[in-house]
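Undergrad: Sequence and predicted structure below; questions after.
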Amino acid sequence: MIFFVMYKTFKEYNKFNLNQWASEIANLWKKNNIFEKSIISREGRNVYVFYEGPPSANGYPGIHHVMVRTIKDVFCRYHTLKGEKVYRKSGWDAHGLPIELSVEKELNITKEDIGKKISVEEYNQTCLIYVMRYTRIWKKFTEKIGYWIDHKTPYMTYHSKYIESLWWILKQFYKKKLLYKGYTVQPYSPAAGTGLSTHELNLPGTYKEITDTTIVVQFKAIKESLPTFFKVLPRNVYFLAWTTTPWTLPSNTALTIGPYIEYLVIDTFNSYSFERMYVILAKVLISQILSDKYFPVSDNVSLEVFQKGDHKIPYKIINTFSGKSIVGSRYEQLLPWVIPSERKKNAFKVISGDFVTTDTGTGLVHIAPTFGVDDAEVAKKNEIPPMLVWDSVKKQALPLVDVQGRFIQRLPKPFAGKYVRNEYYNTEKFPEFSVDVELSALLQKEGKVFKIEKYQHYYPHCWRTDKPILYYPLDTWCIKTTAAKYDMIYLNKNIHWVPTSTGTSRFNHWLENLNDWNLSRTRYWGVPLPIWRTHKEERIIGSFEELRVEIEKSIKAGFMKENPLKDFVPGDMSNENYQKVDVHKPWVDDIILVSTRGTPMRRESDLIDVWFDSGAMPFAQWHYPFENKEKIDKGKFFPANFIAEGVDQTRGWFYTLHAISSMLLKSVAYKNVVAIGLVLDKNGHKMSKSKGNTVNPFEVLDLYGPDATRWYMLSKVQPWENLKFDIYGIDEVRRKFFGTLYNTYAFFAMYANIDGFCYKENFLPIEERPEMDRWVLSELHQLIKKVEIYYDTYNTTRATRIISQFVIDDLSNWYIRISRRRFWKEKYSKDKVSAYQTLYDCLLTISIMSSPIAPFFSDQLYMNLVYTTQKSFFESVHLAYFPKYDEKIIDNRIKNCMHLAQRVTSIVLSFRKKKNIKVRQPLRKLIIFVSSFEKEIFSLSEIIKQEVNVKEIQFLTHKAYSKFFIREIKPNFKMLGPRFGKRTRIIYDILKKFTPQQIDHMEKDGHSIIEIEGLKEKITLKEVNIVIKTSKNWLIASDKEITVVLDLEIDNVLRYEGIARELINRIQNIRKKKELGITDKMILSIGASPELEKVIKLHREYICEETLSVSLSLDYNLGDMVDFEGETIRIFVKKLAYE
RNA sequence: AGUCUCGUAGCUUAGCUGGUAAGAGCACUACACUGAUAAUGUAGAGGUCCGUGGUUCAAGUCCACGCGAGACUACCA
């Protein structure tokens, strides 16, 4: 049994405080478990699955998190309103480099110190404590912004259960042959001694412009391997290749050409050694390579007569051929210092690669498989060996550069032991000439250089050491995502992306250019790879149970003394049981398994990329498949209906989710995804700590409260657009939308309480209500219809704007303004009940529709309304259901008429302004010309009368008074354009010059014949619009099809009434000043000039009625002195004491 | 460097499938209205719709190129 607080009257407030409302509501939610109820109450309904992208708990939340979390919250709440069950589990990304680095900074240690100054165990413990600290802050933040998510049973990526699921998934991949160990080239920082993730490479400021020494190198072709044509050439043939990293040249093992690129053989000279020779390069690059120093010739003579010292070198094109034809050709090793340890015979070949372009360089790409990602790939495909040499000490083949970034000792002087980039030397100790320069000089001396120049380009730098990174071959475990590429592309077509372009372009493009996923991370705080290996055998562990069994075998073999998992009970899914296991480093490294041959197997020491952690959350959050199997298998919690994160997650979480689900189950992981735009500062710059333009979300929330902040963010831009965050905008939202809505409620509450309205009366049929009510209800239902569409299409901007427009313009500034008297003046009549019911329904509907975005405010509003009427209500707005619109209530005729009335009002008010006649001064007559009559317009004339203060309104058609107005013809281009084509312009000119008589005739005949270019053309009335031109005369004004004429003559009767109303206004002000209650009666006395006395006598009753005066006397000795129309009068007011 | 998104008044923006002197809000100025108003109304000022070409009878809207901003991707040698 639930007990609710019931209110006898509608709650009224002295002051409006959004913040206070929010904190009160937050407490109520907690106290009454509203969030839990919002899920339980939907038991048995459709399930709407939402996945929470786990935030990395390594720092304070920023203002953009408000945006992201609000959007997630909005759609979950919306779907709850629609009656769906929206369970959402929170989650935390507890592992990963960012956390490790923060901890290192806090402890003031580096990676190298781990295991030395601090034990791995202690280190990981510190990471865990660090994470816990921030999850607390995040929870507080989440509550503060009103983001509803289940914090009681969050998924944590470091939990044993979570890790077990990850291991299981990896094992599945292994079984599917999607997991392999490979020697792959990775970004690597020699200075830091560690590989870098793509995430790290994309930190701001990583790519810097640097200037490198680049050379175009000559690789001497082995003629016999070339096509027959070359064999007859009398001199040496060279392949030209360009490189920005000369230090990779000793590691060269191949050259790549584009198979469909056209190449040339050219007869010319080397510009340094003046050797006459043949060079091969791409046709389109000839002008870039053979620039300034060279000039083309077509005869042999110029070549023959050339001698050293001539300032220009001749060249002659000998032949053209396509890249394909030289594939397989061989060349002499450029720097024959060492040879590859394997497959030597395959080295120094020309191969084909589709990545070769002719934008820069020579069209031939130098390949060093050890130091380039593309290089390694193309070499592998073509069975070209990498330049690795056998190290007898380490007993393995190593590249020519060591892990510190130095050339190995095996190379000749002066290169041996030198850092390949000068940046790697400490401070001032670097040599005068870098390896690049020295090597270029050497090659030049040997006549192997065609050209040397400086080149500026962007190159990634290690964000920790600020030094250029190296691409270096590392031993890593990879997931063969490329094998699932087409599945992923296909499955992506079933995902609804918001905005579409992110999915169809950006994400799809990314999928089409997929690389395998490098899983290995040489770190400490993360999920260990569950792989044990010998040289010949490897075993992957997919569960703790399996590990326990394997350890038992190992104990038998004598490799381990006892089973650290002995207390773990297989099959017992209790948390207590799982708390007995913590497989993090270093624990897991102590486990030695036994191979089938009886030899020890040791664990691969790396961790898994954290992105794998979060990408596996659909499964791991449920400890799948060990528990909750049906949640996934029966599709109850998979795939998600909805996820949302920042656009930056497209290649991050959105991708890892997609990849894992595609490979594991050939299914999408989510059906709808919103890629949320970024939050920039108010000038459109990215927020960053270094720029100092970040915004503290806690401060913003303290200042303006969550509702205004949320509303502001979602109304300013579409969820997927970048938001330029300006705190002033929140204040504006608070003032305008929330202020107005509050005032509307306050107005309602005040009068409803006076009249004792509690919605006890039966619901009045719409057709029995006055036009004004029918109009606002029509607008309301149209609003419901649109808002629903906008929510369904994730268009929060449109939704908020249209709600706000309804509240401010329609409800507050028009409906209430016009209807004020109905609430104030009359007795408790049917009309009044209609007004109350109408306003109540509007407010109630607004509270529900805006509740997803402004959850606190709208709940307070909702409760204030329903707890008093006790009519079909729920404990909270968040347990209510989205309103249903009624097409029958939407009335376009009344809408149009009201629009007309509003326009007329606007025109008349502008007349008054121009003539400086106050609205309080009544005027006699208003004539409105309309093109056609609508019944409703007559009933609305009362509204216009009241609003613009005129005594009489007359409606007439245009035709009746046409002779008084200047009329003009406007062509209907949509009809004339297609008919006349180029002649449209001429017709326009002719029609513009039509005289009033011609227009009259046309109107009478229904058409007009005009002559263009000698041809007679019939223009019908449908093809033009006849409009009344705005007259300069202040009396008349028109707005599109309506025209308004105002009688400005003020006689004494009108003038006196005006004065009376003016007087009432002053008296009301005094009442207010003297703090009389709104219903207090009073005694009134006025002292004024004889003329004013005459007015007072004439309008005595009116004045008394309006000011609730029981008596009105004329006395010049009492009351306040008030300036009134140039004279000083006295007004005395005394509250009547009640019994 | 490539890919994607975007560019409308000082600021934030609306402008549907091209239809003809470009609409709002904020801020500014002046005046008004108000017994719900931290609101509102009226008027004023403020625009080469980023630029240049093109398609079309007609371009803010479509196309191409350029410029600028942002994101993503990237040692493409």
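TA: Sure thing, it's come through. Since we're looking at a predicted model, the values are computed, not measured. Residues are numbered from 1 along each chain as shown, chains lettered A, B, ... in the order given.
Undergrad: Just the closest residue of the stretch 1001-1139 of chain A to RNA strand B, please.
TA: A:Arg1071 (2.1 Å; C-beta to the nearest atom of the strand). In this view, the C-beta of every residue, glycine as well, is placed from N, C-alpha and C.
Undergrad: count of residues packed around the residue lying closest to that residue once chain neighbours are set aside?
TA: Distances taken as C-beta to C-beta, 6 or more residues apart in numbering place A:Val1133 nearest to A:Arg1071, at 6.1 Å, with adjacent residues excluded. Using other C-beta atoms under 10 Å, A:Val1133 has 21 other residues around it.
Undergrad: and A:Val1133, which of the three is it?
TA: strand (DSSP: H, G, I helix; E, B strand; the rest coil).
Undergrad: cool, and A:Lys116?
TA: Here A:Lys116 is coil, with the state taken from three-state DSSP.
Undergrad: That one: how many residues sit nearby?
TA: A:Lys116 has 8 nearby residues by other C-beta under 10 Å.
Undergrad: Tell me how many other residues surround the spatially closest residue to A:Ala880 that is not a sequence neighbour.
TA: Spatially, and ignoring its direct neighbours in sequence, A:Ala880 is nearest to A:Phe874 (4.7 Å; C-beta to C-beta, 6+ apart). Neighbour count of A:Phe874, defined by other C-beta under 10 Å: 18.
Undergrad: Can you name the residue of the stretch 301-450 of chain A nearest RNA strand B?
TA: A:Val365 (2.8 Å).
Undergrad: where's that residue relative to A:Tyr331, distance?
TA: Between A:Val365 and A:Tyr331 the computed distance is 13 Å (C-beta to C-beta, to the nearest Å).
Undergrad: okay, and the common contacts of those two?
TA: Residues touching both A:Val365 and A:Tyr331 (C-beta atoms under 8 Å, 6 or more residues apart in numbering): A:Leu255.
Undergrad: In contact with A:Pro386, which residues?
TA: Contacts of A:Pro386 by C-beta under 8 Å, 6+ apart are A:251, A:253, A:340, A:369-370, A:376, A:379, A:399, A:473.
Undergrad: Can you lay out those residues as a markdown table showing secondary structure?
TA: Formatted as a markdown table, the contacts of A:Pro386 follow (three-state DSSP):
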| residue | secondary structure |
| --- | --- |
| A:Ser251 | helix |
| A:Thr253 | coil |
| A:Pro340 | coil |
| A:Pro369 | coil |
| A:Thr370 | coil |
| A:Ala376 | helix |
| A:Ala379 | helix |
| A:Pro399 | strand |
| A:Pro473 | strand |
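Undergrad: Using a markdown table, lay out these together with neighbour count, pLDDT and distance to A:Ser271.
TA: Output for these, formatted as a markdown table (neighbours: other C-beta atoms under 10 Å; pLDDT from 0 to 100; distance: C-beta to C-beta, whole Å):
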| residue | neighbour count | pLDDT | distance to A:Ser271 |
| --- | --- | --- | --- |
| A:Ser251 | 25 | 89 | 26 |
| A:Thr253 | 26 | 91 | 27 |
| A:Pro340 | 23 | 87 | 32 |
| A:Pro369 | 30 | 88 | 31 |
| A:Thr370 | 25 | 88 | 31 |
| A:Ala376 | 23 | 84 | 33 |
| A:Ala379 | 26 | 86 | 31 |
| A:Pro399 | 20 | 89 | 33 |
| A:Pro473 | 20 | 86 | 36 |
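Undergrad: hey, which helix or strand in chain A has the poorest pLDDT?
TA: strand A:1036-1039 (a mean of 56; mean pLDDT, DSSP states H and E).
Undergrad: Does anything pack onto the longest helix belonging to chain A? Which helices or strands?
TA: Across chain A, the helix with the greatest residue count (assigned by DSSP state H) is helix A:120-145. With contacts defined as 3 or more C-beta pairs under 8 Å, 6 or more residues apart in numbering; DSSP states H and E, helix A:120-145 has these neighbours: helix A:63-81, strand A:89-92, helix A:97-107, strand A:150-156, helix A:697-716.
Undergrad: how far does the last one sit from the chain's center?
TA: It stands for helix A:697-716. 17 Å (C-alpha atoms, centre = their mean, to the nearest Å).
Undergrad: what does stretch A:617-628 give?
TA: Per C-alpha atoms, centre = their mean, the centroid offset for stretch A:617-628 relative to its chain is 29 Å.
Undergrad: same deal with stretch A:500-518?
TA: 18 Å.
Undergrad: what's next to that stretch, contact-wise?
TA: With C-beta under 8 Å, 6+ apart, stretch A:500-518 has contacts from A:182, A:184, A:186, A:476-482, A:485, A:488-489, A:492, A:495-497, A:609, A:612, A:647, A:650-651, A:654-655, A:659, A:673, A:675, A:720.
Undergrad: Against RNA strand B, which of those residues make the cut? List them.
TA: Residues of the contacts of stretch A:500-518 in contact with RNA strand B (C-beta under 7 Å from any atom of the strand): A:647, A:650-651.
Undergrad: among the residues you listed, which ones are buried?
TA: A:647, A:650-651 (16 or more other C-beta atoms under 10 Å).
Undergrad: Relative to A:Trp775, which of those is nearest.
TA: Nearest to A:Trp775 among these, counting by C-beta to C-beta, is A:Val647 at 42.3 Å.
Undergrad: ok, and the closest non-adjacent residue to that closest one?
TA: Closest residue in space to A:Val647, ignoring its immediate chain neighbours: A:Ala675 at 4.4 Å, by C-beta to C-beta, 6+ apart.
Undergrad: That neighbour belongs to a strand?
TA: Yes. The assignment for A:Ala675 is a strand, going by three-state DSSP.
Undergrad: That one: neighbour count?
TA: A:Ala675: 23 neighbours (other C-beta under 10 Å).
Undergrad: Now A:Tyr7. Its backbone dihedrals?
TA: phi -110, psi 140 (degrees, to the nearest 10).
Undergrad: Report whether the longest strand along chain A contacts RNA strand B.
TA: Counting residues, the longest strand in chain A under DSSP state E turns out to be strand A:207-220. Yes. Under the criterion of C-beta under 7 Å from any atom of the strand, RNA strand B is reached by strand A:207-220 at A:Tyr207.
Undergrad: circling back to that earlier point, closest to RNA strand B out of the buried ones among the ones next to RNA strand B among the contacts of stretch A:500-518?
TA: So of these, ranked by how close each gets to RNA strand B (C-beta to the nearest atom of the strand), first place is A:Arg651, at 3.4 Å.
Undergrad: wait, is the closest one part of a helix?
TA: No. Applying three-state DSSP, one finds A:Arg651 to be coil, outside a helix.
Undergrad: so where's the stretch 151-300 of chain A uncertain?
TA: Within the stretch 151-300 of chain A, the stretches with pLDDT under 70 are A:197-200, A:202-205.
Undergrad: Give me every residue in it lying close to RNA strand B.
TA: Checking the stretch 151-300 of chain A against RNA strand B by C-beta under 7 Å from any atom of the strand, the hits are A:185, A:187, A:198, A:201-202, A:207, A:241-245, A:248, A:256.
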